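**Q** everything below, folded, please.
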Amino acid sequence: MKLNIRVRLSTMMFLEFFVWSAWYVTMGTYLGSNLGASDQEISLAFTTQSIGAIIAPFLVGLIADRYFPAQRILGIIHLIGAWLMYQLYQSEDFATFFPLILGYMILFMPTLALVNSISFNQMNNPEKEFSVVRVWGTIGWIAAGFLISAFAWDSKAGLESGMLKNTWLMASYLSLALGIFSMTLPNTPPRAGRADKFKLSEAIGLDALSLLKDKNFAIFFLSSILICIPLAFYYQNASPFLTEIGVENSTGKMAIGQMSEVLFMLALPIFFSRFGVKKTLIVAMLAWAFRYLFFALGDAESGVWLLLIGIALHGVCYDFFFVTGQIYTDAHAGEKYKSSAQGLITLATYGVGMLIGFWIAGMISDFYSDMHGNHQWKSIWLIPSGISVLVLLFFMTLFRDDKIKH
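**A** Numbering: from 1, shown residues only. You can find the predicted model right below:
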């Protein structure tokens, strides 16, 4: 791949994940402090990600794969997204906010597949070349977090003055830039002809349901759905939690999680080849249980180190479970169900699993809060820690170690 192409694809990835991180990390804090949203309303806002993940295969399969080049669809979506982000910036109550964020996420979630498609189309050796491009997405996510904390939008003074709403304006400007930039990306023509029949079962992975006849894969599949319940607690509650207990520059500190993601991504191949699928997944679930335990025991003063360790464990939690799971699914599915199996796992985790997780997290947060919006965070965090332990015990008991077939 030519240097010019690599730079353009890396820039695309940087902007894609910068735009997402610019508002997603702090949305829970923003809704509570700026719009006075309840915990259940905040939960409802986060479920739009799951709704978008469920609808994404339809949009990609019906439109991007059949009628228009992927880079043009990406550009149009981000141009519309820029307008929606600006409308969100101007929202003054949750009733106005929710339909806008729902519309945005239905459009945005398919772009995660589009940027991958555009990248793979330019690569001769994706196994070696893709990670070099994709890592710039993680850097973009980190950069947005650092910038928000550098501007002190997430500080106590920033929250009191309502400055956190500027995250939506920043996301709007960057989405506009990415929309325009996308039109200059290398051409990625539709993969399917207009006359080719669209198969819904293939788009959302239903073709791969036959894989669940294998008990081992069925245990992994169910564990993947269940572990997304505690994952949802982190996405929904981490920023409001850190802000409420008085951790300064909380968004920048949360970017430590993405830094660890880069490091553990590099460590994963070594760990995976040495210890195998089962032990790698067990380590990931153990890390989930410990991260929430650290959150329950930590505080903004002498216990801040526990919070930072909990954030840093994100790399182990995410990479060791989801990336390992993708590798295991790919190897288990075989040539016939490779695409369908990945679609099924994505639908099950980001769709069904996190949809359930956001609902439970909202209900638990609401139960452990008072009329002034203060939370009993220790009780809240012990629940996803306990769920992680239960999922771990279920997995350890029933899953037998599987050898990856090359």
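
**Q** next helix or strand past the helix or strand of the chain with the lowest mean pLDDT?
**A** None of the helices or strands of the chain scores lower by mean pLDDT, DSSP states H and E than helix 200-203, at a mean of 55. Toward the C-terminal end, the helix or strand that comes next after helix 200-203 (DSSP states H and E) is helix 215-244.

**Q** mind listing what's buried in that next one?
**A** Neighbour counts over helix 215-244 (16 or more other Cβ atoms under 10 Å) mark 216-217, 219-244 as buried. All C-beta spots, glycine's among them, are computed from the backbone N, C-alpha and C.

**Q** just for this structure, where's the confidence low?
**A** In the predicted model of the chain, residues 57-66, 126-127, 191-208, 330, 333-343, 402-406 satisfy pLDDT under 70.

**Q** if we use 50, what do you get?
**A** Per-residue confidence for the chain (pLDDT under 50) gives these ranges: 406.

**Q** angle of the lengthiest helix in it against helix 215-244?
**A** Secondary structure of the chain per DSSP state H: the longest helix is helix 256-297. Following axes from the mean of the first three to the mean of the last three Cα atoms, to 10 degrees, one obtains 80 degrees for the angle between helix 256-297 and helix 215-244.

**Q** can you give the distance from helix 256-297 to the centre of its chain?
**A** Offset of helix 256-297 from its chain centre (Cα atoms, centre = their mean, to the nearest Å): 16 Å.

**Q** which secondary structure elements does it sit against?
**A** helix 126-150, helix 215-244, helix 304-312, helix 314-318, helix 324-346, helix 377-398 (3 or more Cβ pairs under 8 Å, 6 or more residues apart in numbering; DSSP states H and E).

**Q** residue contacts, residue 159?
**A** Residues near residue 159 by Cβ atoms under 8 Å, 6 or more residues apart in numbering: 29, 33, 243.

**Q** what helix or strand is it on?
**A** Per DSSP H and E: helix 156-160 holds residue 159.

**Q** got the domain boundaries for this protein?
**A** Here the domain parsing of the chain from automatic domain parsing is 1-198, 204-406.

**Q** next, count neighbours for residue 87.
**A** 18 (other Cβ atoms under 10 Å).

**Q** next SSE downstream of the host helix or strand of it?
**A** Assigned by DSSP H and E, residue 87 belongs to helix 70-90. Later in the chain than helix 70-90, the nearest helix or strand by DSSP H and E is helix 94-120.

**Q** can you tell me which helices and strands that next one packs against?
**A** Helix 94-120 packs on helix 3-24, helix 39-59, helix 70-90, helix 126-150, going by 3+ Cβ pairs under 8 Å, 6+ apart.

**Q** got the buried residues for the second one?
**A** Within helix 39-59, the residues scored as buried using 16+ other Cβ under 10 Å are 39, 41-50, 52-57, 59.

**Q** so it versus helix 377-398, what angle?
**A** Using the same axes, to 10 degrees: helix 39-59 against helix 377-398 is 40 degrees.

**Q** for helix 39-59, which helices and strands make contact with it?
**A** On a contact count with 3+ Cβ pairs under 8 Å, 6+ apart, helix 39-59 meets helix 27-33, helix 94-120, helix 200-203, helix 215-244, helix 354-367.

**Q** of those helices, which is nearest residue 12?
**A** helix 94-120 (5.9 Å; Cβ to Cβ).

**Q** what comes up buried for the closest one?
**A** Judged by neighbour count using 16+ other Cβ under 10 Å, the buried positions of helix 94-120 are 94, 97-98, 100-119.
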